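[1] Below are the sequence and a predicted model for it; my questions follow.
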Protein chains: 6
Amino acid sequence: MPNNEYPQPLSGMVVPRFGEVATFMRLPIERDPARLDIALVGVPFDGGTTNRPGARHGPREIRTMSCFMRRVHHVSKVAPYELCRVGDHGDCSVNPIDLHDSLTRIEEFFARLHRAGAAPLTAGGDHLITLPILRAIARERPVGLIHFDAHSDTSDSYFGGEKYTHGTPFRRAIEEGLIRPGKFLQVGLRGQLYAEDDFDFAHKHKVKMITAEEFHAKGMPIFLRQLRAFRNQPVYITLDIDCVDPAYAPGTGTPQVGGFTSIQILNLVRALKGLNIVGCDLVEVSPPFDNGEITSLLAANLLYELLCIL
Amino acid sequence: MPNNEYPQPLSGMVVPRFGEVATFMRLPIERDPARLDIALVGVPFDGGTTNRPGARHGPREIRTMSCFMRRVHHVSKVAPYELCRVGDHGDCSVNPIDLHDSLTRIEEFFARLHRAGAAPLTAGGDHLITLPILRAIARERPVGLIHFDAHSDTSDSYFGGEKYTHGTPFRRAIEEGLIRPGKFLQVGLRGQLYAEDDFDFAHKHKVKMITAEEFHAKGMPIFLRQLRAFRNQPVYITLDIDCVDPAYAPGTGTPQVGGFTSIQILNLVRALKGLNIVGCDLVEVSPPFDNGEITSLLAANLLYELLCIL
Amino acid sequence: MPNNEYPQPLSGMVVPRFGEVATFMRLPIERDPARLDIALVGVPFDGGTTNRPGARHGPREIRTMSCFMRRVHHVSKVAPYELCRVGDHGDCSVNPIDLHDSLTRIEEFFARLHRAGAAPLTAGGDHLITLPILRAIARERPVGLIHFDAHSDTSDSYFGGEKYTHGTPFRRAIEEGLIRPGKFLQVGLRGQLYAEDDFDFAHKHKVKMITAEEFHAKGMPIFLRQLRAFRNQPVYITLDIDCVDPAYAPGTGTPQVGGFTSIQILNLVRALKGLNIVGCDLVEVSPPFDNGEITSLLAANLLYELLCIL
Amino acid sequence: MPNNEYPQPLSGMVVPRFGEVATFMRLPIERDPARLDIALVGVPFDGGTTNRPGARHGPREIRTMSCFMRRVHHVSKVAPYELCRVGDHGDCSVNPIDLHDSLTRIEEFFARLHRAGAAPLTAGGDHLITLPILRAIARERPVGLIHFDAHSDTSDSYFGGEKYTHGTPFRRAIEEGLIRPGKFLQVGLRGQLYAEDDFDFAHKHKVKMITAEEFHAKGMPIFLRQLRAFRNQPVYITLDIDCVDPAYAPGTGTPQVGGFTSIQILNLVRALKGLNIVGCDLVEVSPPFDNGEITSLLAANLLYELLCIL
Amino acid sequence: MPNNEYPQPLSGMVVPRFGEVATFMRLPIERDPARLDIALVGVPFDGGTTNRPGARHGPREIRTMSCFMRRVHHVSKVAPYELCRVGDHGDCSVNPIDLHDSLTRIEEFFARLHRAGAAPLTAGGDHLITLPILRAIARERPVGLIHFDAHSDTSDSYFGGEKYTHGTPFRRAIEEGLIRPGKFLQVGLRGQLYAEDDFDFAHKHKVKMITAEEFHAKGMPIFLRQLRAFRNQPVYITLDIDCVDPAYAPGTGTPQVGGFTSIQILNLVRALKGLNIVGCDLVEVSPPFDNGEITSLLAANLLYELLCIL
Amino acid sequence: MPNNEYPQPLSGMVVPRFGEVATFMRLPIERDPARLDIALVGVPFDGGTTNRPGARHGPREIRTMSCFMRRVHHVSKVAPYELCRVGDHGDCSVNPIDLHDSLTRIEEFFARLHRAGAAPLTAGGDHLITLPILRAIARERPVGLIHFDAHSDTSDSYFGGEKYTHGTPFRRAIEEGLIRPGKFLQVGLRGQLYAEDDFDFAHKHKVKMITAEEFHAKGMPIFLRQLRAFRNQPVYITLDIDCVDPAYAPGTGTPQVGGFTSIQILNLVRALKGLNIVGCDLVEVSPPFDNGEITSLLAANLLYELLCIL
């Protein structure tokens, strides 16, 4: 199939960027996963949120701001729509009242994508959604995981026994064998701890961590060094927008000061180029807490950046 | 016990209204229900919400705006703090991840109040919370129910089987026998229907309805006429802030145009005076969608109005 | 064609209302006008605006808030999607830099709809867009016009000679013979005048006017009386959201105090039922000046009301 | 001096309304009171505020929104700039740190206007500013006072002895003999009382009161009846924006639900036509608490209405 | 007294962080200073403000956002509630109408704390409040002062003689001998000057200054070098939130571009560890000018950071 | 003419900064260009905007925030009002409906300034306004151009032929010979490209570019190196606020993540000192999209910085 038959974004020269139904990147809607190499997907679920809600509104606002995105990456010169078939695959059906039903629905939705060979690029939703996505794509073959976040999300349980919240997905993923041992890197961690042993589980399972403080002090080299371990194997990327500072991304449920600037997170994502990435998500954008859409705009850009490395 | 030993609000002449920890009406915190005749309570739960979330933040913002309230009702001249012991009883512990656990927690919390003889005046939270409150106070002795709302909240289920959402509490309450037959009045209904048979269940169970359109056309008399049936029996009042127009109360999850003005809802609540009211709640205030705190301010005033009739 | 094959809105029981790509009323996108009886259309153009801009963002935000709309009208019991084929026909391509090019594009877009027999239900955009729409559908056969607005929009020119702005469309339409003589009714006029002779042209051309002050004083009867003259002939409805008070619709370019409440405008639109309506538009929603989306929500409801009378 | 030499507002046909330095009504700045019949003045002082501050920012925002005002009143057909010399006289110098210094500065500023024969039309500032204005213009010759407000502002003192706050100006004015006995009308009062005897002083001094509840129930006739007593004598008008409901005027320090709608306050002010008005003020607009400038817009319109009756 | 009897914050596992009455850090309210080692205190006073007001609302909003704080510092591993008795001591009573009365009230409030041996950790309020705090704790024994701010706050007077404003506290403190000579360090200064001699007084009194420009150019080493002079003596820390850039802290009365980022101010505060700190305050948070609560969130974090070094 | 007769800003010691009519820097209005060395001018035009509008409101909001500016530059110690005659020259009359009429009006307005010998310091407006300004001042004698922007603004046309938009001014300026060959430096470029050949025209015409990525990586030295080429010749400075990151300047039409921080842009502008600058503009501030006025505040500061180097 020649490139010029790939789905293309609606040009701002035909309808201005503020016009038309807002789809991811102004791409056509394509419900058939077999016709996509990369499926842009929304998961409007925030039922795993223990703090400020609103991530259920993330996909729609990110779609809106993604209409600002143009075609060719200005640094890497990657033109994603020339290289593969990308489309807006719509939103996963989720049940805002029933967490477990939603976990099942999400897993099935992504399993269907996985079977069709379409790599998912997902806009959340809260961070719990990454667990059923990993179940869908990593159950048979565990993946490396690179995780940008202010929080480790490896708590055991919440509120006296809840095993599935947006604070626990990666503990569950490790327990379920979805992540390759030793191939889990967390970047951007910061913020007070519940207790001194918060990270014992992670350390025991050889999760690598680069705290925000370390990154601010030492910069990209410590990240690039850790990245080497992820070459030549399937890697999944999960990016919680709260890895970024609230000045740059106020619209999130659990904002944490001292985070990345926009250029820092852009450089971090760009450095992933060359990895064998099997899917990405960007989560925890909560539009009701946003200011002037700057969080959604940054999220849309990061989605574009992820698209260019995917 | 003489009146002057009753709990009193902190005066604006001692600490300005913008100062000090914000409690309901600037009243002291009182955790012992036995020391209260009326317990002001928050239920920060919005897990039953199928639309825009955020009602979990309602109690806190209503507390903040309730600091504007002064002591004596300007129309009825009721001075509630002279007449009984009123206090801020804190928030009910709820589990934002687990709907059924929360229903149990809420019921137990209000059952404890009920046993102690304290009438609850509750700030929600979404409308599902009224169900466990009714279970706590009406299981042995059903109550009449006066319900201000844009929506009937008598759906059967949601999303293929969910029986407990903020759209179903009164169907459940009727099924569970918590409401006296024929003693259920809904006021302010409006907005498109899902289907023509939306109200069949309600009609079958003799729920009385005054739509917003009827009220706008005919005014207070039709309400006063319906009220007569509620005299001399225990009545519970539940007020969904979306009965008010979005111009007056934008901060709610499912706003519906064509609603009451502020003076209309004030007059409606004031007309309840003289009933044997056993408890009240005010729900669905969602601060993340509010504008300049006007919804929380109106909610705080309505809470004060409910206090004066309770 | 049996009703059940008509396009239907996506149910909130399948994907919650905050999910999926936002189309008008959650209807399918249908680009072929021949497959539609009523075409929901956006015209994201505000190049005719002499005051605060932003109406170009109207269609997108109205789409978003229209996802709140359910299926059956609660007063008239009309179920529009049972009665005819309704779809989101997308946005007209407009040129934000070139007013005259845009006028041409809009006229051609609506002429194509008109030829296909689809009645347009349009979300603007500023009020200038009504002129090319009328050119498309009323050139051969003039229409009656019912016009809700704070402003008469019958100025001659602006800024020393500009004949095409959002303050002049109806002068042009009268001059071009698009409106049936004596069949032009303006409702809601108010606000200071530029000069005492502002309405001379309108009076000369027998434009009927009901000012906001008259309506507030005398109510629906004066409107119903004027409506009689519009029976049994083609009528176009144009509704400028600034006919409503800024408390109810702050998100508009030229807000004017003293306007309608939400229930007033709802009743006004509902009274149009039974007319032979050939098209409708709702214009001047400017989301950058909105508060908490209440203007877009009201606009979405009014669009639904217009749909039910169309 | 012929009319055509009177100061005229900058036309929107020369520079659009969003352009140029924002003066009241787009009028020229005129620092010489002798050249004005009516002086539009700002008093950016909120040092008398015991609640939410910000009225110091009122004059500037009201200037901005007053640029929307056009020339001729659409109901009365009054064209104020044809009838007298009106100009923006700038702001009174006030000392935000020193209440008593500010009282002196305000009184001197208005005394200078008074001596020059210019009637003041003032944008506040909090309500305390009305006291020094009355001192400047009513010391020799007391005035009748018509006062629109949610609050009586006749408290004796605050915080254990403060005699000068925005809650006390009219008690001081009565004590100082600035108001004609029996010629003080308050309209729009509502909201809880501090104590049952709040209005004893006012009643003792024969202050007439029309509460918001009375007005909502009985309408204009009760106001018109009270107005008769003010004919043929000097009257000062003071309008606290919080007489209006928070839905229409959220931007104020002590918002009170149940207030006037915009058309109600417009009609109330228009009814003052024909009185011998010696000055007016509009106070308590607090832009930091406004939503989308609707309070400032309403205030600008009310200032224009006051101008047309002055 | 064993650690486990110290006051502990309410856990997010018992009531979610958005629930319950908002106290500083979710700690119990403790009115008896003798039962506290560190007293978290609010001073809701902004009567010294010559620019945009609103800092009176600071303590309440900082309390709200401080509910996000968890228990253990993630870098230093300090667990403050294990080490000493910390509680919310409520707000100081202040008189919003009377600056001098407020100065007296604040001094007495803090003197009582000082006598009881409780170190104050204060949320303002405007910067004038630091003067009476220093009078309360440093009159007998002057303190070193480390001062983070965009402004030097060492002006002599304002508006022709006002000696007490938020621009003068440190001139007064130096004159009154409250600060140890040569032990006054200001960090973060920037913004245009009133005149070239603005800093003459400060230079004469050997105030050390690190401007924002110097810090941006040279970083932490220049701060660490200056810090050495403060070892082994009582030091008071005062942090004006406007030392931070408006992108990170828009909610302040006199914002100044070119300020610190969040990680910079976090690192600056963390570097104070090991000093003999006798008290801290954080001032000039003005919630009415905040965006999405990011200023209050940063302030709450900085309060926590100060707690960990105190 | 001695310095002390130069126009001076209104002191905050006479009227507080929130008081009085807001002019640029609180300077007097001066309509006669012959009496000015530097004319502060607004051009409230956004008719060249292809994306989010609102820059027409820029001059007014920048005036408001410029009232925060004090007199003496704190780093360079430049006191501009001592050195030359600076005044607020008002706004250029522009036609919001007619792009070509506006281009003519702007050119004439600036030509008049140019003839009078007053250097313009302009607040936009969108970036198209720079073209007529350059025509007014560089037609006879081309200028060097230093251009801070996220976008190159050297597109050829838009929407099938539009030659004049805010994306094309510098292509036109090069074609018209207004810029000295080889003396055009663009700083801050970033964001996706429309196509790979976006910069071919610029490269062909030897436009120098420093991308945001290059600046973040290498810092001031690469800028200082490029600056050398601009010494000893007339240079015009144009600054699009979107060169700054959306966290610092959200209020713009086409925000682009990864931009400068406030201190970076301040340092960039300060480095221009010593050049022979013939005029400056600051464009694309769109207040409807601003958060808490931080964009306008930064713009006002940058205008002051430009004033100090001019």
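    It's in. Please read these numbers as outputs of a predicted model, since none were measured by experiment.
[2] Surely residue A:299 touches residue A:283?
    No. Checked against C-beta atoms under 8 Å, the pair residue A:299 and residue A:283 is beyond contact range at 9.3 Å. Using the backbone N, CA and C atoms, a C-beta is placed for each residue, glycine as well.
[3] Run the chain-centre distance for the lengthiest strand in chain A.
    As assigned by DSSP state E, the longest strand anywhere in chain A is strand A:179-189. Strand A:179-189 sits 14 Å away from the centroid of its parent chain (C-alpha atoms, centre = their mean, to the nearest Å).
[4] Strand partners (parallel or antiparallel) of that strand?
    If you go by DSSP bridges, strand A:179-189 pairs up with strand A:143-148 (parallel), strand A:208-211 (parallel).
[5] Make TSV out of those and add mean pLDDT.
    Formatted as TSV, the strands paired with strand A:179-189 follow (pLDDT from 0 to 100):
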stretch	mean pLDDT
strand A:143-148	98
strand A:208-211	98
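[6] most tightly surrounded among the ones you listed?
    strand A:143-148 (a mean of 25; mean count of other C-beta atoms under 10 Å in any protein chain shown).
[7] From the rest of the structure, what touches that one?
    A:134, A:137, A:153, A:170, A:173, A:178-180, A:183-188, A:227, A:229-230, A:233-240, A:243, A:265, A:268-269, A:272, A:278 (C-beta atoms under 8 Å, 6 or more residues apart in numbering or on different chains).
[8] Check stretch A:95-102 too.
    Contacts of stretch A:95-102 with the rest of the structure, by C-beta under 8 Å, 6+ apart, involve A:45-48, A:56, A:94, A:105, A:128, A:164, B:47-50, B:97-99, B:158-159, B:162, B:164-165, C:16.
[9] For the stretch 51-200 of chain A, which residues are neighbours of chain F?
    A:68-75, A:77, A:79 (C-beta under 8 Å from any C-beta of the partner chain).
[10] which of those residues has the most neighbours?
    In terms of neighbours by other C-beta atoms under 10 Å in any protein chain shown, those top out with residue A:68 at 25 neighbours.
[11] Tell me who's in contact with it.
    Here residue A:68 is in contact with A:17, A:297, A:300, F:51, F:254-255 (C-beta under 8 Å, 6+ apart).
[12] contacting residues around the nearest residue to residue A:252 once chain neighbours are set aside?
    Distance criterion C-beta to C-beta, 6 or more residues apart in numbering or on different chains; nearest residue to residue A:252, sequence neighbours excluded, is residue A:242 at 4.6 Å. By C-beta under 8 Å, 6+ apart, the contact list for residue A:242 reads A:149-151, A:249, A:252-256, A:259, A:284.
[13] Residue A:242 and residue B:289, how far apart?
    21 Å (C-beta to C-beta, to the nearest Å).
[14] Which ones among the contacts of residue A:242 map onto helices?
    If you go by DSSP state H, the contacts of residue A:242 have nothing in helices.
[15] any idea which of those residues is closest to residue B:41?
    The closest of these to residue B:41 turns out to be residue A:253 (C-beta to C-beta; 25.0 Å).
[16] Grab the nearest non-local neighbour of that closest one.
    Nearest residue to residue A:253 in three dimensions, chain neighbours excluded: residue A:52, at 4.3 Å (C-beta to C-beta, 6+ apart).
[17] And residue A:28, by the same measure?
    In space, residue A:28 is closest to residue A:7, 4.8 Å off (C-beta to C-beta, 6+ apart).
[18] so the one you found, which of the three states?
    Assigned with DSSP: H, G, I helix; E, B strand; the rest coil, residue A:7 falls in the coil class.
[19] Now do the contacts for it.
    Counting by C-beta under 8 Å, 6+ apart, residue A:7 makes contact with A:27-28, A:30, A:81, A:85-87.
[20] Quick one: neighbours of residue A:195, just the number.
    Residue A:195 has 11 neighbours, counted by other C-beta under 10 Å.
[21] Now name the helix or strand holding residue A:110.
    Using DSSP states H and E, residue A:110 sits within helix A:99-116.
[22] count of residues packed around the residue nearest to residue A:246 when sequence neighbours are not counted?
    With sequence-adjacent residues excluded and distances taken as C-beta to C-beta, 6+ apart, residue A:246 is closest to residue A:255, at 4.2 Å. As a burial measure, residue A:255 scores 31 neighbours (other C-beta under 10 Å).
[23] how near is residue A:255 to residue E:159?
    Per C-beta to C-beta, residue A:255 is found 39 Å from residue E:159.
[24] Quick one, grab the pLDDT at residue A:12.
    pLDDT, residue A:12: 92.
[25] That one: what's it in contact with?
    Taking C-beta under 8 Å, 6+ apart, one finds A:70, F:50 in contact with residue A:12.
[26] For residue A:143, see how far away it is.
    Going from residue A:12 to residue A:143 by C-beta to C-beta gives 36 Å.
[27] cool, residue A:110 as well?
    13 Å.
[28] got it, and residue A:195?
    Distance of residue A:195 to residue A:143, computed by C-beta to C-beta: 30 Å.
[29] can you list the residues of the stretch 1-150 of chain A near chain B?
    Counting by C-beta under 8 Å from any C-beta, the stretch 1-150 of chain A comes close to chain B at A:46-50, A:52-54, A:56-57, A:95-99, A:101.
[30] is any part of stretch A:291-310 close to chain F?
    Yes. For stretch A:291-310, a contact with chain F is found by C-beta under 8 Å from any C-beta, at A:291-294, A:297-298, A:301, A:304.
[31] okay if I get the residues you listed as CSV plus distance to residue D:202 and neighbour count?
    Formatted as CSV, the residues of stretch A:291-310 next to chain F follow (distance: C-beta to C-beta, whole Å; neighbours: other C-beta atoms under 10 Å in any protein chain shown):
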residue, distance to residue D:202, neighbour count
A:291, 45, 24
A:292, 46, 24
A:293, 50, 23
A:294, 51, 28
A:297, 55, 27
A:298, 57, 29
A:301, 61, 25
A:304, 65, 21
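[32] and chain E, which of those reach it?
    Among those, proximity to chain E is found for A:291-292 (C-beta under 8 Å from any C-beta).
[33] Report the backbone C-alpha coordinates of the helix holding residue A:110 in CSV.
    Provided in CSV are the C-alpha atoms of helix A:99-116 (Å, rounded to 0.1, in the frame of the first residue of the first chain):
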residue,chain,number,x,y,z
LEU,A,99,-14.2,-0.7,38.4
HIS,A,100,-14.0,-4.4,37.8
ASP,A,101,-16.3,-4.4,34.9
SER,A,102,-14.2,-1.6,33.5
LEU,A,103,-11.0,-3.5,33.9
THR,A,104,-12.5,-6.3,31.9
ARG,A,105,-13.8,-4.1,29.2
ILE,A,106,-10.4,-2.3,28.8
GLU,A,107,-8.5,-5.6,28.7
GLU,A,108,-10.8,-6.9,26.0
PHE,A,109,-10.7,-3.8,24.0
PHE,A,110,-6.9,-3.8,23.9
ALA,A,111,-6.7,-7.5,23.4
ARG,A,112,-8.6,-7.0,20.2
LEU,A,113,-6.2,-4.3,19.1
HIS,A,114,-3.3,-6.5,20.0
ARG,A,115,-4.6,-9.4,18.0
ALA,A,116,-5.1,-7.2,15.0
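[34] Between helix B:99-116 and that helix, find me the angle.
    Per axes from the mean of the first three to the mean of the last three C-alpha atoms, to 10 degrees, the angle that helix A:99-116 makes with helix B:99-116 is 170 degrees.
[35] Please state the offset of helix A:99-116 from the chain centre?
    16 Å.
[36] What mean pLDDT does it get?
    Computed over helix A:99-116, the average pLDDT equals 98.
[37] what are the pairing partners of the next helix or strand after that helix, and which direction each?
    Where DSSP H and E defines the elements, the next helix or strand beyond helix A:99-116 is strand A:119-124. Paired neighbours of strand A:119-124 in the sheet (DSSP bridges): strand A:38-43 (parallel), strand A:276-283 (parallel).
[38] Nothing else from me, thank you.
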